[in-house]
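Peer 1: Predicted model and sequence below, questions to follow.
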Amino acid sequence: MDAGFQVKRSATRLCSMEAIGRHRGMRMFVAAFGAVLLLLSPVAVVRAGEPVPLLAYAARIAGDDARTRLVIEFDREPAFSIHYVANPVRVIVDLPETSFGLKPESLQPRGLFDAIRYGGMGAGASRLVLSANGPTEVTHAEVKPVEDGKGFRLVLDAERIGQDRFDKLLAEQQWTGTVPSAKTDRPAAAPRPKAGVFVVAIDAGHGGIDTGAIGGVTKTEEKHVTLAFAKELVERLNHEPGIEAFLTRERDEFLSLPQRVQIARQRGSNLFISVHADTLRQKEIRGATVYTISDKASDHLAADLAARENLSDEIAGIPLESEPAEVADILIDLTRRETQAFSVNLARSVISSFEGQIKLINNPHRHAGFRVLQAPDVPSVLLELGFLSNKEDEKQLLDAEWRKKVSTLLADAVQRYRNSAVANGG
């Protein structure tokens, strides 16, 4: 393990996470990842000139399936707003940018809430998502000074309500602020590429409140693994003649799935590669996989993975809206067959580059209805580097030399694809 794997545990955590190293049998293996784990402390990275985030330093929850109280303590007075989302029922608490220095056990789901997530949403905002087990309303919310005068306490009292009342809350609420919706575009138009430049969008999966998968041994979050690899890949691609690569996200921030697609299209991308490192129940399965889009999954594993990846916006508490017609065409009718054919060509080029060099899953080219691959005019693939549920894959994913090797192989595959496209007038 190398200290160059610059990951930091964001305040975003799934509250069901166990403390690292709790199982004695894993201690020796975890020790090998000490350099990484030291970097996983709950600290906020503040760039020069940016406001200092709030610090949420303590929390507690109590109650039953009729009433539940949640209390969070901050170093400064927080502004907040509350919204509701259906299918499934979620209570959304939006906050200014906040560093969550909470113990994982302090917000274990109980009472009205089956799951609790918190973390960054980008654009100077953070979010608390309370997944409820039925129609729920926050009937009382207030901020008051902590007794010792050294902070402020946000108190939320929630109660079970009837479906009619919840439907009325949904109908009457207004969403305001900077937190993205499922259709949010980045406000500023990106510069168009120079003529003749082959533009590649590299999308580091997950981010912010959406941690992605969790490593079986080190408890490393997928969002950090994908960003570390994506940065390595972009640097490598930008040394290739005629190629200009960029990141859809450059730090630990949340982007909705439609945002990722839109960023690629705004930048005039010729290719889109979304990087992931998921987990499976079958811990023995390992190796890289390349996915392309299809309205019908190639197999059960691909279908299950796509279903999970497509839940990213739901995890962040974003109300899903109907897809534009051009997206529906991609998923149902596959009318943009040319784009799909180019995507398949890219997948084959990647697999050809990987074969004999790194571990591949059986049948490494698979397909399913991934929402992040829906750009109708940008050939796109989703690359699963390996599985964090497999200890061999996890060890490799955290190794700088392995990442460098894979990024070089992938850059070679992209360059071969580009050369073929240029030769054929693409």
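Peer 2: Alright, I've got the coordinates.
Peer 1: Run a quick neighbour tally on residue 251.
Peer 2: When counting by other CB atoms under 10 Å, one arrives at 15 neighbours for residue 251. Where you see a C-beta, it was placed from the backbone N, CA and C, and this is true even at glycine.
Peer 1: got it, and residue 202?
Peer 2: The local packing of residue 202 (other CB under 10 Å) involves 29 other residues.
Peer 1: Then residue 395?
Peer 2: When neighbours are defined as other CB under 10 Å, residue 395 has 18 of them.
Peer 1: And this structure, what are its domain boundaries?
Peer 2: 54-172, 198-423 (automatic domain parsing).
Peer 1: Partner strands of the helix or strand where residue 127 lies and their direction?
Peer 2: Assignment of secondary structure by DSSP states H and E places residue 127 within strand 125-132. For strand 125-132, the pairing partners within the sheet under DSSP bridges are strand 90-96 (antiparallel), strand 113-122 (antiparallel).
Peer 1: now what about the first one, what contacts it?
Peer 2: I take that to be strand 90-96. Residues lying outside strand 90-96 but in contact with it, judged by CB atoms under 8 Å, 6 or more residues apart in numbering, are 51, 53-54, 78-85, 113, 121, 124-132, 136, 138, 156, 158, 177, 179, 317.
Peer 1: picking up where we left off before, mean confidence score for the strand holding residue 127?
Peer 2: Confidence over strand 125-132, taken as the mean pLDDT, stands at 94.
Peer 1: Repeat that for stretch 230-243.
Peer 2: The average of the pLDDT scores along stretch 230-243 is 97.
Peer 1: got it, and stretch 369-380?
Peer 2: Taken as a whole, stretch 369-380 carries a mean pLDDT of 92.
Peer 1: Show me what counts as buried in that stretch.
Peer 2: For stretch 369-380, the buried set under the neighbour-count rule, 16 or more other CB atoms under 10 Å, comprises 369, 370, 371, 372, 373, 374, 375, 376, 378, 379, 380.
Peer 1: can you list those residues in TSV and add distance to residue 289 and secondary structure?
Peer 2: Rendered in TSV, the data for these read as follows (distance: CB to CB, whole Å; DSSP: H, G, I helix; E, B strand; the rest coil):
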residue	distance to residue 289	secondary structure
369	16	coil
370	12	coil
371	17	helix
372	15	helix
373	13	helix
374	19	coil
375	20	coil
376	23	coil
378	20	coil
379	17	coil
380	15	strand
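Peer 1: Can you give the contact residues for stretch 408-421?
Peer 2: Applying CB under 8 Å, 6+ apart, the set of residues contacting stretch 408-421 is 198, 200, 233, 236-237, 239-240, 242-243, 270-271, 273, 342, 345-346, 349-350, 352-354, 357-358, 383, 426.
Peer 1: and it, how far from the chain's centre?
Peer 2: In terms of CA atoms, centre = their mean, to the nearest Å, the centre of stretch 408-421 is found 26 Å from the chain centre.
Peer 1: one step back: quick check, nearest of the buried residues of stretch 369-380 to residue 398?
Peer 2: For residue 398, the nearest member of these is residue 372. The distance, counting by CB to CB, is 23.7 Å.
Peer 1: The closest one contacts residue 263, correct?
Peer 2: No - under the criterion of CB atoms under 8 Å, residue 372 makes no contact with residue 263, lying 11.1 Å away.
Peer 1: one step back: buried by neighbour count, from the contacts of stretch 408-421: which ones?
Peer 2: Of the contacts of stretch 408-421, these count as buried by 16+ other CB under 10 Å: 198, 200, 233, 236-237, 240, 243, 270-271, 273, 342, 345-346, 349-350, 353-354, 358, 383.
Peer 1: if I look at the closest residue to residue 222 other than its chain neighbours, how far off is residue 291?
Peer 2: Closest residue to residue 222 in three dimensions, ignoring its sequence neighbours and counting by CB to CB, 6 or more residues apart in numbering: residue 212, at 2.9 Å. Taking CB to CB, to the nearest Å as the measure, residue 212 and residue 291 are separated by 15 Å.
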